[in-house]
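Enquirer: Next come a sequence and a model predicted from it.
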Amino acid sequence: MSNLTAYFRLARVGWVLVREGVVTELPLQELPASARFLARVAGLFARRRKPGEGRSARLAHAIERLGPSYVKMGQFLATRPDVVGVAIADDLSALQDRMATFPMAEAKATVEGSLGRSVSDLYVSFDEPIAAASIAQVHPAVVRDRDGERRVAVKVIRPGVRQRFAHDLQAMYAASHLQERLLPHTRRLKPVEVTRTLEQTTKVEMDLRLEAAALSELGENTADDPGFRVPKVDWERTGRDVVTMEWIDGVKMSDIEGLRAAGHDLNALADSLIQSFLRHTLRDGFFHADMHQGNLFVDPQGHIVAVDMGIVGRLGRKERRFLAEILFGFITRDYVRVANVHFEAGYVPSHHDVASFAQAIRAIGEPIHGQPAETISMAKLLTLLFEVTELFDMETRTELVMLQKTMVVVEGVARTLNPRFNMWKASEPVVGGWIRDNLGPKRILADLREGAHAALRLAEAAPEIAAKAEKFSLDLAAMADKGFRFDEATAEAIGKSEARHGRAGRLALWVIAAALVYIAWAVS
């Protein structure tokens, strides 16, 4: 029944995209002739365009109709030009996660249900929301403690959002599985795994205790960093559905004129932003993964303050080393090293030729280095890299999806501050410093230390491993002696399960077909 529901939801998504004229705007060159024909037929059911309405506006309107889950999905796919094409990715990047607020009564009920105390007991004042997104909304409030009264920001989860997202996710998984089945050449992009990454990050985003923990962790990591900080968490007033944090008095990074009026150096802020992001990524392996302008403030002291840490990313030591070497290779134009790192990391299958891949990387790097500063773009580099790596069967690395997304967004914010922002020049002090500190003798010592810890853990687990190995050996001997038995009950259960799933799938397809025929008849 869940499969049937997923197909119905997917049919609704398809109808909205058809009605809004999005399907006819999709890149169809690589699709079969039958799919291109269906896209042309879909154009007959699209509503009439309004004057001046382009593809970007139609796409935004369709996603707004589909609801909050699809806003998140759209923002996520904006970082994947390899999946949706460069033009559609550019359109999706303009999506804003702004929703209507929900009533104060519901917000207060959520706070009290999560914290187990009345709003009047928790806060001196609790005011109307000042911002609302697909997951939560933010209320200004005042609390009183032993140091007196202070302003705070209270983030409250949107009622019913978890159930809505869980239902919409079924349709997203159905679409991912259909893509893998019907478009085999896209399997290297791992659409199901990408959907799983979206599911995991959004589930984490919906537990505000985890956002509070992320704020706390990043606050500790950046305590001594120049020019960057995050709000402090009020743990007494934080739970699964509510997080209370320090109120930030500052200028939003989207308010360029306000930043100038406050006397801030915009070029220095742009450099500080990208360097802070790279420092968190390379040094700590933990970064804010939603650093758009709406989540960044500049306080009166000139510090960048990042808020809304519902989405974070992590990289292991090896991934950090690969990232640093790839970036540094592009900075220094060492394309052979960039190619070698891709092979060492397993990003490119080993049956390909390293020299040929280095040649392809050079084709990406040289034009970028030959351009003026204002046109050197990480987004452009990633787009070119996606196009080239398809020739070398490079699969999607789901652990890097968040990093790619955030790097593009951060660079875009830096360019609004400084239109001539040079990503490579600003990155070199942090990336070069990390390379010098971590890929020389220090790296060898760190690897030896990690190896010693791993050997110690292995020695501690040796008795348990030996016992399991002995049991496994006895089981194999018994199987070899008596044979592998497959009882009738198991065989019958498998047969019934397969038959049931087969009938459900066929029923779902017939129902969807009937529904689409009815819709077509109704609007004709």
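Expert: Great, that's in hand.

Enquirer: Quick one: the strands in the stretch 101-250 of the chain, in order.
Expert: Assigned strands in the stretch 101-250 of the chain, in chain order: 125-126, 131-132, 136-145, 148-157, 228-229, 233-239, 242-246 (criterion: DSSP state E, counting those that start in this stretch).

Enquirer: Summarise which helices and strands the fifth one is packed against.
Expert: Secondary structure elements in contact with strand 228-229, counted by 3 or more Cβ pairs under 8 Å, 6 or more residues apart in numbering; DSSP states H and E, are strand 304-306. From N, CA and C alone the C-beta is placed, and that goes for glycine too.

Enquirer: I'd like the strands of the stretch 101-250 of the chain as CSV, with mean pLDDT appended.
Expert: What follows is these, written out as CSV (pLDDT from 0 to 100):
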stretch, mean pLDDT
strand 125-126, 96
strand 131-132, 86
strand 136-145, 93
strand 148-157, 94
strand 228-229, 94
strand 233-239, 95
strand 242-246, 96
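
Enquirer: Reformat those strands as JSON lines; add mean neighbour count and distance to Val298.
Expert: What follows is the strands of the stretch 101-250 of the chain, written out as JSON lines (neighbours: other Cβ atoms under 10 Å; distance: least, Cβ to Cβ, whole Å):
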{"stretch": "strand 125-126", "mean neighbour count": "16", "distance to Val298": "26"}
{"stretch": "strand 131-132", "mean neighbour count": "16", "distance to Val298": "18"}
{"stretch": "strand 136-145", "mean neighbour count": "18", "distance to Val298": "19"}
{"stretch": "strand 148-157", "mean neighbour count": "19", "distance to Val298": "17"}
{"stretch": "strand 228-229", "mean neighbour count": "20", "distance to Val298": "11"}
{"stretch": "strand 233-239", "mean neighbour count": "18", "distance to Val298": "21"}
{"stretch": "strand 242-246", "mean neighbour count": "25", "distance to Val298": "15"}
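
Enquirer: Tell me how many other residues crowd Leu327.
Expert: Using other Cβ atoms under 10 Å, Leu327 has 25 other residues around it.

Enquirer: one step back: nearest to Ala57, of the strands of the stretch 101-250 of the chain?
Expert: The closest of the strands of the stretch 101-250 of the chain to Ala57 is strand 131-132. By Cβ to Cβ, the value is 21.9 Å.

Enquirer: Make JSON lines from the strands of the stretch 101-250 of the chain and add distance to Lys405 to it.
Expert: JSON lines is the format used below for those (distance: least, Cβ to Cβ, whole Å):
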{"stretch": "strand 125-126", "distance to Lys405": "34"}
{"stretch": "strand 131-132", "distance to Lys405": "21"}
{"stretch": "strand 136-145", "distance to Lys405": "20"}
{"stretch": "strand 148-157", "distance to Lys405": "22"}
{"stretch": "strand 228-229", "distance to Lys405": "20"}
{"stretch": "strand 233-239", "distance to Lys405": "25"}
{"stretch": "strand 242-246", "distance to Lys405": "23"}
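
Enquirer: do you know which of the ones you listed lies nearest Ala62?
Expert: For Ala62, the closest of the strands of the stretch 101-250 of the chain is strand 131-132, at 20.7 Å, according to Cβ to Cβ.
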